[in-house]
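> Kindly return the folded structure for what I paste below:
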Amino acid sequence: MGRLRITLYALRSTHYSLETMSEAKPKPRIGVDEWVAQVESRQRKGFGDQLAHRWNAIPLPVRYGLFTVTMLLMPWITSLPPVLDLLGVTDNAFVVRTLAVFLIAAMLAIGLNVVVGYAGLLDLGYVAFYGVAGYTYAYLSSDFVTLGGILPGGIHLPTLVSLPLIVILTACVGWFIGSVSIRLLGDYLAIVTLGFGQVFVQLLLTATRVQLPGMARPVDLTRGPNGINELDRLSFFGFTFTSTLHYYYLFLLLLILLYVAVDRLNRSRLGRAWRAMREDELAAEVMGMPTRQLKLLAFAIGAAIAGLVGVVDAAWQGNVVPNPRYSIVTLINLYGMVVLGGIGSLPGVVLGAFLFTILPEVLRNVQIAGLLFYAAGLIGLYQWLRPWPRFLAVVGGSVIGGLVFKGLVLLLWPGWQSGAPAVGSWLNSLVQGWLLIPAEFTLAGNLAIGGALLLLLLTLLWPSRWRPPLIGVMIYLFAFAWETRLASEPAATRILIVGATLVVLMIVRPQGLLGKPEVRVV
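From the prediction side, this is the model:
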């Protein structure tokens with residue numbers, strides 16, 4: 001009898017413990033894979049993850065408001081004398097024009113993100129829709145089309161008529177291209193759309209003597225590489241956009257409207273269907289989703305956005321030219337913006353457009369370029385050498401080692417002739433005082449570039465116990481190469497820095513700056 005009581009008590013205790021554990025541990029959510037949902041908590045948090053998390057923690061209206069207010073005030077901020085001195089310019093006309101180019105690129109990247117990021121269609125002819133809209137606007141809003149002398153002054157449709165007409169026409173072209181290539185997937189779709197884009201550019205370059213039915217002489221349809229000039233300015237309700245500042249605010253308004261519209265579209269049933277088709281088209285089709293219509297809608301909406309941007313950009317520039325505006329170079333830049341920011345991420349796409357358009361122009365200024373170079377280097381080293389004690393030990397050891405090396409050389413060779421690089425900001429002077437720079441530093445700078453890159457590869461391949469001294473020498477060589485060679489040639493250096501930044505970011509964060517990592521359960 002006593003044993004039975006003990007057994008019952010043990011069973012009650014076990015049952016109570018199980019109930020307590022079941023209450024403490026949340027039950028799995030229906031339709032959600034818990035392993036996938038918790039993947040971010042198991043990964044090592046880096047600077048990009050923390051930045052994305054903090055950005056997403058801000059309420060959406062506040063994010064829109066911060067961006068809008070900042071961009072509204074940017075022309076006024078860049079006109080202040082201290083900012084002009086920092087940028088090294090006399091007025092902010094170039095700055096406003098560069099910001100307008102950023103807004104154009106951001107809108108184009110948002111349209112490409114609809115096709116590539118949401119629907120998962122590798123469209124390499126996207127820039128052609130941009131060009132179709134631009135040249136159609138040139139036909140309808142300039143003196144170019146005279147219809148054999150019937151309209152000697154050309155066609156000059158009002159903006160309220162030409163703009164929606166061209167957007168609808170471009171969407172129809174996108175629908176047609178999508179319907180032709182609807183059966184193709186992956187690389188095959190990319191080849192077909194790339195062919196469409198290349199054929200379009202070649203037609204723009206060569207369609208200068210086309211024999212049309214009923215015409216006695218060949219007709220020039222595109223004016224070849226020279227393009228079509230003197231296009232009409234945009235005009236709404238009696239107000240004509242004449243200056244770059246006017247177009248800047250128009251582009252900002254259009255970017256905000258496009259961002260909100262595409263974001264709402266992404267959160268709708270159509271956006272969820274696109275993402276499901278992107279992840280597994282066969283599974284989406286089995287579940288009853290009309291994948292054909294989904295693809296055509298993605299092509300049409302992306303083409304319509306490109307058409308809208310093509311019209312306003314052509315009106316702003318006052319001309320349309322095939323190269324490089326509608327060439328494959330623009331396509332590569334747009335894909336770089338989408339991939340760098342994060343495929344499928346609207347904030348990431350805008351950030352990628354900002355980096356691709358603003359960063360190369362900022363790097364023209366030697367002082368700002370040097371500050372960004374050393375700041376990015378320190379941030380990258382901290383991400384690599386975390387935690388703080390290890391980072392401080394390696395960087396501090398590099399500084400002390402450089403000073404000891406310089407002191408020993410000057411002690412052994414009192415007649416040492418030091419070189420004086422051309423750059424002379426306070427930061428450059430500080431670093432040059434730490435380095436040992438010879439009088440003929442050109443060859444030494446070239447050797448330092450090669451040696452720094454070689455040590456970077458060795459640090460990635462060498463055993464961990466040898467990494468700290470190699471990193472210390474690598475820091476010294478990179479600083480030497482910057483002060484003696486790279487800082488004095490900003491035209492080439494800015495391209496090298498942008499390219500190296502892209503390579504490093506794609507290695508460290510392949511999902512992009514604000515993109516979400518892909519998780520697959522096998």
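
> Give the buried residues for whichever strand or helix holds Ile379.
If you go by DSSP states H and E, Ile379 is part of helix 366-385. Buried residues in helix 366-385, defined by neighbour count with 16 or more other Cβ atoms under 10 Å: Val366, Gln367, Ala369, Gly370, Leu372, Phe373, Tyr374, Leu381, Tyr382, Leu385. In this view, the C-beta of every residue, glycine as well, is placed from N, C-alpha and C.

> what helices or strands is the lengthiest helix in the chain leaning on?
Looking across the chain with DSSP state H, the single longest helix is helix 291-317. Packing partners of helix 291-317 (3 or more Cβ pairs under 8 Å, 6 or more residues apart in numbering; DSSP states H and E): helix 93-113, helix 126-140, helix 159-180, helix 244-267, helix 269-279, helix 281-286.

> Dump the C-alpha coordinates for the fifth one into PDB.
Below are the C-alpha coordinates for helix 269-279, written out as PDB (Å, rounded to 0.1, in the frame of the first residue of the first chain):
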ATOM      1  CA  ARG A 269      -2.200  39.000 -52.100                       C
ATOM      2  CA  LEU A 270      -0.500  39.700 -55.300                       C
ATOM      3  CA  GLY A 271       2.800  40.300 -53.600                       C
ATOM      4  CA  ARG A 272       2.500  37.100 -51.500                       C
ATOM      5  CA  ALA A 273       1.700  35.200 -54.700                       C
ATOM      6  CA  TRP A 274       4.800  36.700 -56.400                       C
ATOM      7  CA  ARG A 275       7.100  35.600 -53.500                       C
ATOM      8  CA  ALA A 276       5.500  32.100 -53.500                       C
ATOM      9  CA  MET A 277       6.200  31.800 -57.200                       C
ATOM     10  CA  ARG A 278       9.700  33.000 -56.700                       C
ATOM     11  CA  GLU A 279      10.500  30.400 -54.100                       C
END
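
> looking only at pLDDT, what's the mean for it?
Mean pLDDT, helix 269-279: 91.

> how far away is Gly342 from Lys516?
7 Å (Cβ to Cβ, to the nearest Å).

> Likewise for Ile110?
18 Å.

> Could you check which of those two has the larger neighbour count?
Ranked by neighbour count (other Cβ atoms under 10 Å), Ile110 and Lys516 place Ile110 first, with 26 against 15.

> how close does that one get to Leu184?
24 Å.

> Ok, Pro468 next?
In terms of Cβ to Cβ, Pro468 sits 52 Å off from Leu184.

> Likewise for Gly377?
Where Leu184 is concerned, Gly377 sits at a distance of 44 Å (Cβ to Cβ).

> Repeat that for Leu282.
15 Å.

> So for the two, which sits in the more crowded spot?
Leu184 (15 against 9).

> In a helix, that one, correct?
No. Note on Leu184: no helix contains this position according to DSSP: H, G, I helix; E, B strand; the rest coil, which reports coil.

> Run a quick check on it versus Gly178, I expect a contact.
No. Applying Cβ atoms under 8 Å, one finds Leu184 not in contact with Gly178, separated by 10.3 Å.

> which residues sit in contact with Thr493?
Each residue near Thr493 by Cβ atoms under 8 Å, 6 or more residues apart in numbering is listed here: Leu363, Ala369, Leu486, Ala487.

> quick one: the last one and Ile368 touch, right?
No. In this structure Ala487 lies outside contact range of Ile368 using Cβ under 8 Å: 11.2 Å.

> Make sure Ile343 is indeed in a strand.
No. Counting by three-state DSSP, Ile343 is not part of a strand but coil.

> Got the phi and psi for it?
phi -60, psi 130 (degrees, to the nearest 10).

> tell me the contacts of it?
With Cβ under 8 Å, 6+ apart, Ile343 has these contacts: Asn113, Val116, Gly117, Gln511, Gly512, Gly515.

> what's the burial count for the third one?
In this case it means Gly117. 28.

> For Gly288, see how far away it is.
24 Å.

> Closest one of the buried residues of helix 366-385 to Leu231?
Distance to Leu231, by Cβ to Cβ, is smallest for Ala369 among the buried residues of helix 366-385, at 35.9 Å.

> distance of the closest one from Ser345?
Ala369 is 28 Å from Ser345, by Cβ to Cβ.

> Ok, Leu157 next?
Counting by Cβ to Cβ, the gap from Leu157 to Ser345 is 37 Å.

> which of the two has more neighbours?
Between Leu157 and Ser345, counted using other Cβ under 10 Å, Ser345 has the larger neighbour count: 21 against 15.

> my guess is that one contacts Leu514, does it?
Yes. Under the criterion of Cβ under 8 Å, Ser345 makes contact with Leu514 at 4.7 Å.

> residues contacting the spatially closest residue to Gln367 that is not a sequence neighbour?
Distances taken as Cβ to Cβ, 6 or more residues apart in numbering place Ser425 nearest to Gln367, at 4.4 Å, with adjacent residues excluded. Neighbouring residues of Ser425 by Cβ under 8 Å, 6+ apart: Val366, Gln367, Gly370.

> now those in a markdown table, with distance to Arg325 and pLDDT?
A markdown table is the format used below for the contacts of Ser425 (distance: Cβ to Cβ, whole Å; pLDDT from 0 to 100):
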| residue | distance to Arg325 | pLDDT |
| --- | --- | --- |
| Val366 | 29 | 78 |
| Gln367 | 32 | 80 |
| Gly370 | 32 | 84 |
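
> And those, which is closest to Arg209?
Val366 (48.8 Å).

> From what I see, that closest one and Ala487 are in contact.
Yes. Using Cβ under 8 Å, Val366 makes contact with Ala487 at a distance of 5.6 Å.

> Flag every buried residue along the helix or strand where Val350 lies.
Following DSSP H and E, one finds Val350 within helix 346-362. Neighbour counts over helix 346-362 (16+ other Cβ under 10 Å) mark 346-358, 361 as buried.

> Ok, stretch 426-433 next?
Asn428, Val431, Gln432.

> And stretch 505-515, by the same measure?
In stretch 505-515, counting by 16+ other Cβ under 10 Å, buried: Leu505, Arg509, Gln511, Gly512, Leu513, Leu514, Gly515.

> just the CA coordinates of it, formatted as CSV?
The C-alpha coordinates for stretch 505-515 follow below in CSV (Å, rounded to 0.1, in the frame of the first residue of the first chain):
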residue,chain,number,x,y,z
LEU,A,505,30.1,43.1,-49.0
MET,A,506,29.0,40.2,-51.2
ILE,A,507,31.5,37.9,-49.4
VAL,A,508,30.5,39.0,-45.9
ARG,A,509,26.8,39.6,-46.6
PRO,A,510,25.7,37.8,-49.7
GLN,A,511,22.0,38.6,-49.1
GLY,A,512,22.7,42.4,-49.4
LEU,A,513,22.9,45.2,-46.9
LEU,A,514,19.2,45.0,-45.9
GLY,A,515,18.2,41.7,-47.4
